[in-house]
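Here is my input, please return the structure:
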Amino acid sequence: MIELEGSVEGDSGLEEMIARLKQVDGQSVSAGVFGGFAAQKAMWNEYGTSRGIPARPFLRNTLYEHGSEWTAFVRPLMVAVMNGSEADVAAQLGPKMATSIQQTIKAGGFAPLAPSTIKKKGSSQPLIDTGDMIGAVTWRKGE
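Numbers count the residues shown, from 1 in each chain. Modelled structure (predicted):
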């Protein structure tokens, strides 16, 4: 067994950095469609339904495609927090996440709409009809 013992001497500021990091530890941010009928429609589209709506996973696809980008975005913010900045990490990351979801929806690439749906809505773009759902994409700080 190896035992290490030591201390940091001098005014390294390490304890202050750790204290600052503890202030943001456990905080979270979520992005998506929260509550109401728009959230119900989002769920039907994300996972599909037994009534013939195929899965069009815009939330999961966004996470897979942008997760590492979001991590890279947060990294310098955390360094700033360690160095004494009062940066609200969630307030900066949340809008970026919501915008990424909206961009995924706009980019398409999902299961095509049925011909009857295209005729009804006048467009072949999945997930965009009235704009209510894409407009409902937002973010919020976790509890």
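
Which secondary structure element of the protein has the lowest mean pLDDT?
None of the helices or strands of the chain scores lower by mean pLDDT, DSSP states H and E than helix 14-24, at a mean of 82.

Please tell me how far Gln27 sits from Gly131.
Distance, Gln27 to Gly131, by Cβ to Cβ, to the nearest Å: 31 Å. Using the backbone N, CA and C atoms, a C-beta is placed for each residue, glycine as well.

out of these two, which sits in the busier spot?
Neighbours were counted for Gln27 and for Gly131 using other Cβ atoms under 10 Å; Gln27 has more, 12 against 8.

Residue ranges in this structure under the pLDDT threshold?
Within the chain, the segments meeting pLDDT under 70 span 1-12, 143.

which stretches of this structure form helices?
For the chain, applying DSSP state H gives helices covering 14-24, 36-47, 58-82, 89-107, 115-121, 132-136.

by how many degrees do the fourth one and helix 14-24 diverge?
The one in question is helix 89-107. Here the directions of helix 89-107 and helix 14-24 differ by 50 degrees (axes from the mean of the first three to the mean of the last three Cα atoms, to 10 degrees).

Buried residues in helix 89-107, which are they?
Within helix 89-107, the residues scored as buried using 16 or more other Cβ atoms under 10 Å are 89-90, 93-94, 96-98, 100-102, 104-105.

counting contacts, what elements does that helix pack onto?
With contacts defined as 3 or more Cβ pairs under 8 Å, 6 or more residues apart in numbering; DSSP states H and E, helix 89-107 has these neighbours: strand 29-33, helix 58-82, helix 132-136, strand 137-141.

Next, report how far it is displaced from the centre of its chain.
Computed by Cα atoms, centre = their mean, to the nearest Å, the chain-centroid distance of helix 89-107 equals 6 Å.

and what of the last one?
Taking the mean C-alpha point of helix 132-136 and that of its whole chain, the gap between them comes to 15 Å (Cα atoms, centre = their mean).
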